[in-house]
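Trainee: whatever this is, show me its structure:
(2 chains)
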Amino acid sequence: DAGITQSPRHKVTETGTPVTLRCHQTENHRYMYWYRQDPGHGLRLIHYSYGVKDTDKGEVSDGYSVSRSKTEDFLLTLESATSSQTSVYFCAIKGSNYGYTFGSGTRLTVV
Amino acid sequence: AQKITQTQPGMFVQEKEAVTLDCTYDTSDQSYGLFWYKQPSSGEMIFLIYQGSYDEQNATEGRYSLNFQKARKSANLVISASQLGDSAMYFCAMREGQGFSSGSARQLTFGSGTQLTVLP
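Mentor: Down below sits the predicted model:
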């Protein structure tokens, strides 16, 4: 299995503050994804990356930006956190076959 | 229109019995893949089973099988001999298209999930 680590695991932040979540992988996979999970919605795609400095928007990208300066790191930034961004955030990678592997998730609370 | 529909928000099953979790999908692609993931209360996403649109046989992985009915666009998950540890949220997901290229990352689209509770 691909090594994929998300940090932090939990974060509480105040409305209006910037927040950055990190996803780190150890196996040089090209495709990485950020999802958010909310009750009743399953997981929804925020942004994805298909290589270093190559990123694109997903279904719910408003209020989020991403960066990928190295193959192994994919960062998700909330420029000015809002209460509607309280959620569980998952990073995922596309493995060498059809499989997708998910990180353990980051629980973000915006107060 | 939703691409993945899971119509059962919650299901109960008696331990050792079989249970079917429903999933229907919508796509115009001929090539696609269907996935089931399990999410226990600890929160991680655990891959269970995969079915490719061109696979002629239903996928099986241990106690999990995928009842794939292409014409009806359904991909139901069957869990045989339920165990207490099967209590979890289950997500159906789809990847559309084939191949991967710049700007076409073939992400997974998820349903809203089914919360399964196994009763002792």
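Trainee: how far away is B:Thr5 from B:Leu84?
Mentor: Distance of B:Thr5 to B:Leu84, computed by Cβ to Cβ, to the nearest Å: 28 Å. For the C-beta atoms, the positions are set from N, CA and C on the backbone; glycine is no exception.
Trainee: the two: who's more crowded?
Mentor: B:Thr5 (16 against 10; other Cβ atoms under 10 Å in any protein chain shown).
Trainee: skipping its backbone neighbours, what lies nearest that one in space?
Mentor: B:Thr24 (4.8 Å; Cβ to Cβ, 6 or more residues apart in numbering or on different chains).
Trainee: how about A:Val19?
Mentor: A:Leu78 (4.4 Å).
Trainee: that neighbour and A:Ser61 touch, don't they?
Mentor: No. Here A:Leu78 lies out of contact with A:Ser61, judged by Cβ atoms under 8 Å, at a distance of 11.5 Å.
Trainee: residues near residue 90, how many?
Mentor: All of this refers to chain A. By other Cβ under 10 Å, 24 other residues sit near A:Phe90.
Trainee: my question was about chain B
Mentor: B:Tyr90: 24 neighbours (other Cβ under 10 Å).
Trainee: so it belongs to a helix, correct?
Mentor: No. Judged by DSSP: H, G, I helix; E, B strand; the rest coil, B:Tyr90 forms no part of a helix; its state is strand.
Trainee: now the strands for the chain?
Mentor: Defaulting to chain A. A:4-7, A:10-13, A:19-25, A:32-38, A:42-51, A:54-57, A:64-70, A:73-78, A:87-94, A:100-102, A:106-110 (DSSP state E).
Trainee: I was thinking of chain B, sorry if that wasn't clear
Mentor: Listed in chain order, the strands of chain B (DSSP E) span B:4-5, B:10-14, B:19-21, B:24-25, B:32-39, B:46-52, B:60-61, B:64-69, B:74-79, B:88-96, B:108-110, B:114-119.
Trainee: quick one: strands adjacent to the longest one?
Mentor: In other words, strand B:88-96. As defined by DSSP bridges, the strand partners of strand B:88-96 come to strand B:32-39 (antiparallel), strand B:108-110 (antiparallel), strand B:114-119 (antiparallel).
Trainee: could the strands of chain A go into JSON lines alongside mean pLDDT?
Mentor: Shown next, in JSON lines, are those (pLDDT from 0 to 100):
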{"stretch": "strand A:4-7", "mean pLDDT": "96"}
{"stretch": "strand A:10-13", "mean pLDDT": "97"}
{"stretch": "strand A:19-25", "mean pLDDT": "97"}
{"stretch": "strand A:32-38", "mean pLDDT": "97"}
{"stretch": "strand A:42-51", "mean pLDDT": "94"}
{"stretch": "strand A:54-57", "mean pLDDT": "92"}
{"stretch": "strand A:64-70", "mean pLDDT": "97"}
{"stretch": "strand A:73-78", "mean pLDDT": "98"}
{"stretch": "strand A:87-94", "mean pLDDT": "96"}
{"stretch": "strand A:100-102", "mean pLDDT": "93"}
{"stretch": "strand A:106-110", "mean pLDDT": "97"}
